[in-house]
Structure formats: C-alpha cells, structure tokens
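Q: just a sequence and a predicted model for now, questions to come.
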Amino acid sequence: MDKRFIPAGVSRCSTGRFLLWLAPWAAMLLFGLYCAGLCLVKGLNQTHMNNRFAFGLWIFLDLTVIALGAGAFFTGFLLYILKRKELRAVINSAVAMGLMCYGGAMAVLGVDVGQPLRAWFTFWYPNVHSMLTEVTFCISCYLTVLLIEYVPIVLKNRKLRQVPSFLVFEHELHKLVYVFAGVGTFLSFFHQGSLGGLYGVLRGRPFAFREELGIWPSTFFLFILSAAAVGPSFILLTTWLVEKIARKRLVRPQVLQSLGRISGLLLAAYVLLKTVDTLIWLGRTTPRSGFLPAQYYAWRPFGVWILFAEIALFLVPMVILLLPKLRARAGWLVSAAAMACCGVAVNRFVLTIQTLALPTLSFDRFLQYLPSWQETGTFLAVLASAVLVYSISFRYFELFPEEGDLRRELLRAPVTEPALAGK
Amino acid sequence: MISEKKPGKICRYGMAIDIDKCTGCGACVIACAVENNVPPGNEGATDLTGITWLRVFKVDNGEEYPARQAVYFPMMCQQCGVETPCYLVCPQQAVDVDPATGVVGQMPERCLGCRYCMAACPYHSRYFNWWDPKWPAGMEKTLNPDVAPRMRGVVEKCNYCHGRWHAARQRAAEAGLRDIIPGDYAPACVEACPAGAIQFGDLNDPSSAPAKAAKDPESFRLLVKLGTEPKVYYHSKREWARRIGDPSQAPAPKEPARG
C-alpha cells in the first residue's frame, strides 16, 4: 500500500505488520498524553513531587535524554567538522535520534512547569545569571537546528523527491549542512554545559555545588565531556538495536567500531577529569561548605556504593572500548556502549535526585520520592513518541544511507554473518 | 532582578529569634498565614505539599531522658544577603532583592513555576502552589486586601510581610517623611509571638535587636558556611542548640524533626 514511499533498494515489512508494530506504542502514547493532560489540567498535584523534592523523574529524564541525544551533535561534529567520513552511514539516524531526545525533553519541560503559558517570559525577561536561561535559549535554538537538519532527510523521501521544488529546497538546504553542524555543535556544547551548571551552581546544595573554573562550575565542563563521550555510544547502541529489530545490516561493522573507539577515548578523558573533580569536591569544596563528605553517603539507599557504581559504569566501558580486540567483538562492544549510557544516566540521577533527597539543615530528614503513575505515564509518552517517529522515519526515509549498498552486496554474495560479527 | 536604588534610608532588615524563649505555640505560623492570604491546606496536601511561609521545627539534643532537651525553631526565608541562591537561578527575574530593604521578594505574576529556586534554597523556605488556592465559604471575607493571593503553579515565600512595609511607607509619606517611622513596621509573626521570641529590625542600625544579635557570641545563623549571609540570627544559651546551625557539628536528633 505504501510501497511508493519506501526508499529504493531497501526492503521493509508489510504495511499490516508495520501497523501491528506501531499499535502498542500508539496505545502507550495515548496513555501518556492522558497523563500529561491530567498534569496540565488538574495541576502538578498529580505528581509525587513536593516542596522539598521540587524536581523529580522528569528533570532526571530531561538531563539523561539530552546527554544521550548528544550523539546527534557530536556525530555531526565528527563528520562535517572533523571529516570522519565513515560516520555518514549513521548521521541521519543520529539526527533523528537527537530530534526525538530533544523534542521529548522540551515536551516534558512544558508539562513540568507550573505555568507553561509563561514560557516566553524567559525570552522576554531573561536573567543572565541563571543557568536555566542559558539552557532554555540553547535547547530551543538547537531543537530548531535539529528540525532544519531533519527536513532534508524527509524531503529525500522517494515520493517527495518527485516534487521539483522540494528537491531544490532539499539541495539548497544540504549546502548549508556544514553551517548547521557548526551552529549545532556550538549550541549543544553550550547547553550540555549549562545543564551541568544547573546543579553545579547550587551553593545551597553542597552535594551538587562545585567550584568555578572561569565563570562556570566544573560540572559545566564535565557534562560537555560526558555527553560527547556517551553520545557516540548511544548511536552505536541504537544502531545495533535497530539492526536486531529490523533483522537487517544497516552499517558496516567498522562504523560501529569507530564510534566505540571515539567513545572510549573521550570516556578516558572524562574519567580522569571526573576523578580530579571528585577529589577536589570531597577534599576541599565540601568542608568549606560546612559539611563532611561522609554525610552525603550516610543515608540509605544512597550509600557510597552509588559513587563506585558511577565510576565503574564509565571505567569498565572505557577499558573495553579502548582495547581493539574487545572492541571487535559485537557482544563486548554493545555491552560497553550500553554500560556507558547507563553510566551517564546514573550520573544525572545522582546530580538530580540524590541532591534533592539529601538534607541540608542538620535537623532535616532524608527524603524519598517515587514518581506517580501520571509522571511515569508522561515519561512513557516520550518513549512511545520517540519509537513511533523513529519507526516511521526508518520505514520511509533513508536513515542509513549504506543500507541499500549492503543489501546489494549481500544479494550478490550471500553471507550469513550479521553486521557485527562476533568471534 | 535588583531594582534601581530608591531614595531614602538603605535598610537591611533581619530578625533575631531567641529559641530559648520559643514555646512552639505556632501563633507566628497562623499570623503569617492570615496576614499573607495563605490558603488552608488542600484536601490532599501533606506537610511537604502544603504552604507555610513560616514553620516551627522541634529539635532535640539526641540524648536519652532525663538529659533530653529540645528547642523550637521558627523557620522562614533567611533573606540571604550574598550570592542569594534563589535570585541567581530564577530564569525570568521573578525573584527580586530590594536594595532598599535587603528583602528577597517573589513576583508570582512573573513566576514560570519551574521550581529551580526551590531546588536552590538551602532552607527549603519556598513553597509551590500545587493546587488552586481555595478558602472555605465565608472565609474569603477575611482575606487581607493588601496582599494578592497567588495562583496555582507559582512559587511563593516569606517577604517580611511586604504589604505591611508598603502600608508603613504610605503612613510615612502621609506624615511627610521619606523613611518609615521607627517601630511602625514589623512582620505579623513578630507581633503575634506571645513570648517575644522573634524580634525584627534593621541590621544597619546598631541599636536594633538583630544588629545586637549579630555581635552576640550566643547567637548563630543556619548554614552560615555556605556563604549566603542569611539575615536571621538565632540565639540560645545552650551550646548544643547553637551547634544546630552547622551540619558538621550538630547533634544527631533522637526523634525526626517535625515542622
């Protein structure tokens, strides 16, 4: 039925099967939209956030998906600025992933604020001292850049290309791709940093507060580095996942190994700087604020194990991704990428949730928070919408430009080995 | 947003609270709510979702009976004077530090409800309107006409009864004076305290109670090492109670503190 829209040279499942795949995600999206609607109409009393736990699941989610979505800007940076040509095979998918992540984050932020209709106030009365102002400006601009980068992918669709004006527009837009990649890289570097600064500047929360390097807290730089390190891992992981679900070879194994190597190198730099930062924070910043480092880890369930878990989730994948022999094995490569993604999630969790759970006043208590079903449902809507948009993009647009070539190669000399040949 | 300097005397309002005198009666809490049109708690509200610009905590010394001692701690916005955390983080200048009074104010009509200021406040003195404000039938007639009620989805906090400050300025202007008549302005909690435990004044005036408290070795401030220069001074003759202000020195309470 929709064969005219499917890119030439690739095979896709039947329309019925595709609709069957979409159905549960669409149901999840509808449920999530209902949850988000409840929060918007009845208010944030539908959540389990409170005056002490002012941020919850949604902010954790925002920080995590934006870190993972860094795969879009960083792949663009590597391809268009640093000329890593092999990454052309995943750039479209990376842009689509970035769009899902950033779009989802912005949508959730719209539900998370008490007065969404006043969102424009930040642009009209910006407080230049606030990290949230930087975040709002940069994320809005970068989401626009991602949309512009996504348009040529849509316009390259087999059917849409038949419209001459679309073809011309897509061609002209493509000429500017280097500009958008550059602007996107700058904006993304900046807002990843601002998201780190969001908590790093909180003088009143010694667990999150970090000393300044220049005008920014150290978390500003650590967030940039961690996002740049984990972004390629996320693209690697999602590409592998799509290959498994679609049961197709989408990229050559060297592409994923290249992503893994870049991720490993950046993880090494991150682990080194994070270690130095942690030592300064525990040895100098915390005592100056009138706290003892042991106080941070005196409350269950956030014992010192979480600090070591965070370190391990960066250190282990770093080692795997830096060793060519391990990197060449599909299982190790994908596991390392998954671990790095979990590491960044734990890092964001620690900074958002653990920070708010810990008491600051000596007579205050440790707080526990579990998201309500409305909060969880809204989170699921982001996940479902991402899967839906990505699935539609995968079916109708060329997310993996080498897919057709790989298919032809396979047809010519059929080999049974999967994209990532494990030893 | 820091407003432009206003003509007249520059004040730095603060409080001196004698926790040895506080009996935990809660009159200050009620007076604050009535003065500032804080609505009664919604049906689903808890101690963590309700709004109380001022709350009283009971804190003990962690000892067993008969050595157990406790103090009551009235907690309101500590009006940080330096690196004011909430002011610095608000993305749309809805938080104001008035250079004429040193009071940290909140503009609910500009507030986005992002709650970043709440995450930033070390004293947890900011409150979000999780519900629409509602008063039982007839009770709306008791609302203070000098203070606007706040809507759902915005943050609010203690502002040293800003309505009273405006009224005092009005009275001074009517009397042909530029500055507030001394003693004509005090927040509702100060007036309501039957034990006289809460005193209010200008820290720039050496004769005021807060200015004297600032020099008293038996006075202390909460979390002073954070470097935000709070303007509320607590006083106690008990050494263990004075250590409450410093988390690395404080005794571990036997019972969880309740506000």
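A: Nice, thanks for sending it over. Numbering: from 1, shown residues only, chains lettered A, B, ... in the order given.

Q: quick one: residue B:42 from residue A:36, how far?
A: Using Cβ to Cβ, to the nearest Å, we find residue B:42 at a distance of 21 Å from residue A:36. All C-beta spots, glycine's among them, are computed from the backbone N, C-alpha and C.

Q: tell me, how many residues neighbour the closest residue to chain A within chain B?
A: At 2.1 Å from chain A, residue B:113 is the closest residue in chain B, using Cβ to the nearest Cβ. Around residue B:113 there are 21 other residues, counting by other Cβ atoms under 10 Å in any protein chain shown.

Q: SS state for the nearest residue to residue A:6 once chain neighbours are set aside?
A: Closest residue in space to residue A:6, ignoring its immediate chain neighbours: residue A:12 at 5.1 Å, by Cβ to Cβ, 6 or more residues apart in numbering or on different chains. Recorded secondary structure, residue A:12: coil (DSSP: H, G, I helix; E, B strand; the rest coil).

Q: got the contact list for residue A:12?
A: With Cβ atoms under 8 Å, 6 or more residues apart in numbering or on different chains as the criterion, the residues that contact residue A:12 are A:6, A:18, A:395.

Q: possible to save those as CSV with secondary structure and neighbour count?
A: Rendered in CSV, the data for the contacts of residue A:12 read as follows (DSSP: H, G, I helix; E, B strand; the rest coil; neighbours: other Cβ atoms under 10 Å in any protein chain shown):
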residue, secondary structure, neighbour count
A:6, coil, 17
A:18, helix, 17
A:395, helix, 20
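
Q: need the pLDDT of the residue nearest to residue A:9 when sequence neighbours are not counted.
A: Distance criterion Cβ to Cβ, 6+ apart; nearest residue to residue A:9, sequence neighbours excluded, is residue A:404 at 3.3 Å. With respect to pLDDT, residue A:404 scores 84.

Q: count of residues packed around residue A:404?
A: Neighbour tally, residue A:404, other Cβ under 10 Å: 15.

Q: might one say that it is in contact with residue A:11?
A: No - in terms of Cβ atoms under 8 Å, residue A:404 does not count as a neighbour of residue A:11; the distance is 9.7 Å.

Q: quickly find the element holding residue 74.
A: Answering for chain A, as no chain was given. In this assignment (DSSP states H and E), residue A:74 forms part of helix A:70-76.

Q: should've been chain B
A: Under the assignment given by DSSP H and E, the secondary-structure element containing residue B:74 is strand B:70-75.

Q: quickly check: the helix or strand harbouring residue A:342 near chain B or not.
A: Taking DSSP H and E as the definition, residue A:342 sits inside helix A:330-349. No - legend: contact between helix A:330-349 and chain B by Cβ under 8 Å from any Cβ of the partner chain is lacking; minimum distance shown is 14.3 Å.

Q: next SSE after that helix?
A: For helix A:330-349, the succeeding helix or strand toward the C-terminus, using DSSP H and E, is helix A:355-357.

Q: for that following helix, list every residue counted as buried.
A: For helix A:355-357, burial by neighbour count (16 or more other Cβ atoms under 10 Å in any protein chain shown) applies to A:355, A:356, A:357.

Q: when you check chain B, which of these turn up near it?
A: Checking the buried residues of helix A:355-357 against chain B (Cβ under 8 Å from any Cβ), the matches are A:355, A:356.

Q: restricting to C-alpha, output the strand holding residue B:74 in PDB.
A: Extracted as PDB, the C-alpha positions of strand B:70-75 are listed here (Å, rounded to 0.1, in the frame of the first residue of the first chain):
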ATOM      1  CA  ALA B  70      14.500  20.200  72.900                       C
ATOM      2  CA  VAL B  71      14.200  23.600  71.200                       C
ATOM      3  CA  TYR B  72      11.600  25.000  68.900                       C
ATOM      4  CA  PHE B  73      12.900  26.600  65.700                       C
ATOM      5  CA  PRO B  74      10.800  29.100  63.800                       C
ATOM      6  CA  MET B  75      12.000  28.800  60.200                       C
END
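
Q: now do the strands in the stretch 151-259 of chain B.
A: Assignment of strands within the stretch 151-259 of chain B using DSSP state E, counting those that start in this stretch yields the ranges B:155-157, B:198-202, B:219-220, B:232-235.

Q: will you turn those into CSV that also has mean pLDDT?
A: Written out in CSV, the entries for the strands of the stretch 151-259 of chain B read as follows (pLDDT from 0 to 100):
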stretch, mean pLDDT
strand B:155-157, 96
strand B:198-202, 95
strand B:219-220, 96
strand B:232-235, 96
